[in-house]
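> After the sequence you'll find the predicted model.
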Amino acid sequence: LRASAAAAGSDDEKLESALSTAEQIGVLEDAVLHSNFFGQKALNAHTLASSLVGSLARREPEDLAILNKYLHGVVEPRSKEEGGDWPEFLAGGREAIDNLS
């Protein structure tokens, strides 16, 4: 996300603010707890993306549109090229954004 913000051409493409270290830990903690109690007992990219979207929605709802652009412009091509956990991260992010709409 930080690399994407640095490469953004305009202020409309930048997140309002980067997640603080505490917020990053909170996203990870939320994802781990959700995975442990409601998932497969192991953290996965889908749950991590959902937790990230949830954290951004609570902080800066405007950032969701920018995150959605990031998912389509950066994560989607990367998921097609590299595979790995990227397709799962993309699906989790999209699903979480759709659930908020």
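Done, it's in.
> Not counting sequence-adjacent ones, nearest residue to S79?
Ranked by Cβ to Cβ, 6 or more residues apart in numbering and with sequence neighbours excluded, the top spatial neighbour of S79 is W86, at 3.6 Å. Any C-beta I mention is one placed from the backbone N, CA and C, and that applies to glycine too.
> What backbone torsions are found at that neighbour?
phi -60, psi -40 (degrees, to the nearest 10).
> From what I see, it and A45 are in contact.
Yes. Applying Cβ atoms under 8 Å as the test, W86 and A45 come out as touching, 7.3 Å apart.
> Give the rounded mean pLDDT of the longest helix along the chain.
The longest helix of the chain (DSSP state H) is helix 21-38. Per-residue pLDDT values across helix 21-38 average out to 90.
> Tell me the helix or strand right after that helix.
Next helix or strand after helix 21-38 toward the C-terminus (DSSP states H and E): helix 45-59.
> ok, back up a step: now the angle from the longest helix of the chain to helix 45-59?
Counting by axes from the mean of the first three to the mean of the last three Cα atoms, to 10 degrees, helix 21-38 lies at 130 degrees to helix 45-59.
> Can you get me a residue count around Q40?
Neighbour count for Q40, taken as other Cβ atoms under 10 Å: 10.
> scratch that, S79 is what I was asking about
S79, neighbours per other Cβ under 10 Å, totals 19.
> Next one: it from V53, what distance?
16 Å (Cβ to Cβ, to the nearest Å).
> and the helix or strand containing K69, average pLDDT?
In this structure, K69 sits in helix 63-70 according to DSSP H and E. Computed over helix 63-70, the mean pLDDT rounds to 81.
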